[in-house]
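1. Got a predicted structure here, sequence first:
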Amino acid sequence: MKNRLFKALLYSFSIAFLLNTGCIAQKQGTRKLQGIAPTPPMGWNSWNWFGKKDVNEAVVREVIDAMAANGLRDAGYNYVVVDGGWRDTKLGPNGELAAHPEKFPHGIKALADYAHSKGFKFGLHTVPGTQDCGGDPVGGFNHEQVQIQQFIDWGLDFIKLDKCKYAPGWNEDLLKETYFRWTDILKKSGKNIVLSISAYQFRDWNPEVGNMSRTTPDIMARVNVGKAAFDSVAVAPKGNFKTVMWIANENNKSAQYAGPGYWNDPEMLVTGDQGLTPSEQKMYFALWGIMSAPLFLGDDPRNMPQYEKDIVMNKEAIAINQDPTEQGTRLKVIGNTEIWTKKLKGGKAAVLFLNRDHAKTQTVAVNLSDLGFNRKVSVRDVYDKKDLGQFSNTISVQVKPRDCVYMLVN
């Protein structure tokens, strides 16, 4: 009798412990529990092309129309995010935000409704501190509940929460506490709103708070330095803006944390006429793809050159990016060449051969065993859209200067 009673009590205690720790895990866990962002989000953000000054309601509507007409929406770019420039310069009496009366005269809900009517999801940039990046006192600090409810009422699907600015100056504890407030309120709302952390570096609590988070400072782009740069051994020419390869190197460091529900964000894309050559853009898009990065265009979708469309709407390249198995990583560096790889579903792998040399074609090779294969494999060129045949033991390719070969291995 005593043994049965002891076993019953022990069983009850064990169940209670498991349930309690489960609740604790859920409380301390990530927004993955809500099933948001099972694959890297894709869309368009206004900042890199239009900045704060040139964005307005008419432009955003035209971008929405263009993305619906030119195939971007159907290719998977279904988030339209308005970055800085949409807000008025002051808060309301209860801490509420308002759309800029001249640039967005019909308000945000009407614009979100328009995006939804065209088959898109809609998002906004906002700030958790006391001021926005330009110094206007429109931050969400101590107004989180009010402002998040506004976003819900307006029908938002995406919030980019940009670290700037807290007037006394951020410290790490306050920053973490503030970001957690946002995610806690969003969790309680039950709304499937992607929370994008933009705090310029990876922190170990990012996956607990957001569905995607910036791992780096801003990329060099049209709006901030006049052009993007693929690679440089020098410091970026203006402020803290970084090159494509600098950002890729930094983003690679936190690869282990990425997966369904949370993705490392190495910044918006600078494809199109922003400074990179078409070949460099192929390298760039493949890098972001193999790193499972959120793919947010930062161009003008109303005027896209054909070469850019061919790159960013390549179905096989997008499928590699959207495969949720892992964030791909750099396998090795050999002189001016690099090999990156990503495991895919079904025992497949993506392999990216980069040649960063400005003048010489390079031979780049990888052992199949380094990719996890101990058999003969079939190889397909993603950008040329052709099968390259079967390979045993080693894959060896010729890569032109400042170019890449992007492969699907099965």
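-> Now that the structure is in, tell me what you want to look at.
2. Report the central residue of this protein.
-> P294 (2.8 Å; C-alpha atoms, centre = their mean).
3. gap between that residue and A37?
-> In this view, P294 and A37 are 8 Å apart by C-beta to C-beta, to the nearest Å. The C-beta positions use only the backbone N, C-alpha and C, and glycine is treated the same way.
4. so what's in contact with these two at the same time?
-> Common neighbours of P294 and A37, using C-beta atoms under 8 Å, 6 or more residues apart in numbering, are M212, W263.
5. Off-centre distance for the helix or strand hosting T363?
-> According to DSSP states H and E, T363 maps onto strand 362-367. Strand 362-367 sits 30 Å away from the centroid of its parent chain (C-alpha atoms, centre = their mean, to the nearest Å).
6. How about stretch 348-356?
-> 20 Å.
7. before we move on, what about stretch 341-358?
-> With C-alpha atoms, centre = their mean, you get 19 Å for stretch 341-358.
8. Let me see the ranges of the helices in the stretch 201-350 of the chain.
-> Assigned by DSSP state H, counting those that start in this stretch, the helices in the stretch 201-350 of the chain fall at 206-209, 222-225, 244-252, 278-290, 306-312, 315-322.
9. and those, which is most packed in?
-> The highest mean neighbour count among the helices of the stretch 201-350 of the chain, using mean count of other C-beta atoms under 10 Å, belongs to helix 278-290: a mean of 24.
10. Pull out the buried positions in stretch 269-278.
-> Buried positions in stretch 269-278, judged by neighbour count with 16 or more other C-beta atoms under 10 Å: L269, V270, T271, G272, Q274, G275, L276.
11. May I ask which two of these are separated the most?
-> Pairwise distances across these peak at 12.5 Å for L269 and G275 (criterion: C-beta to C-beta).
12. so which of the buried residues of stretch 269-278 would you say is closest to G347?
-> Top of the list for closeness to G347, among those and by C-beta to C-beta, is L269 at 29.5 Å.
13. The closest one contacts P301, doesn't it?
-> No: assessed by C-beta atoms under 8 Å, L269 is found out of contact with P301, at 11.7 Å.
14. any idea how far H125 is from D231?
-> 28 Å.
15. and A286, what does it touch?
-> Contacts of A286 (C-beta under 8 Å, 6+ apart): A317, L352, V382, Y383, C404, Y406.
16. Mind checking which of those land in strands?
-> Of those, the ones assigned to strands by DSSP state E are L352, C404, Y406.
17. which among these end up buried?
-> Among the ones in strands among the contacts of A286, the ones that count as buried by 16+ other C-beta under 10 Å are L352, C404, Y406.
18. List the residues that contact the second one.
-> Pointing back at C404 there. Contacts of C404 (C-beta under 8 Å, 6+ apart): S279, K282, M283, A286, L352, F353, L354, N355, Y383.
19. for the stretch 1-150 of the chain, what are the low-confidence residue spans?
-> Judged by pLDDT under 70, the stretch 1-150 of the chain has its weakly predicted residues at 1-34.
20. Do a quick rundown of the strands in it.
-> 42-45, 79-82, 121-126 (DSSP state E, counting those that start in this stretch).
21. got a list of what the residue lying closest to N367 once chain neighbours are set aside touches?
-> Nearest non-adjacent residue to N367, counting by C-beta to C-beta, 6 or more residues apart in numbering: T394, 5.5 Å away. Taking C-beta under 8 Å, 6+ apart, we find T394 in contact with A365, V366, N367, L368.
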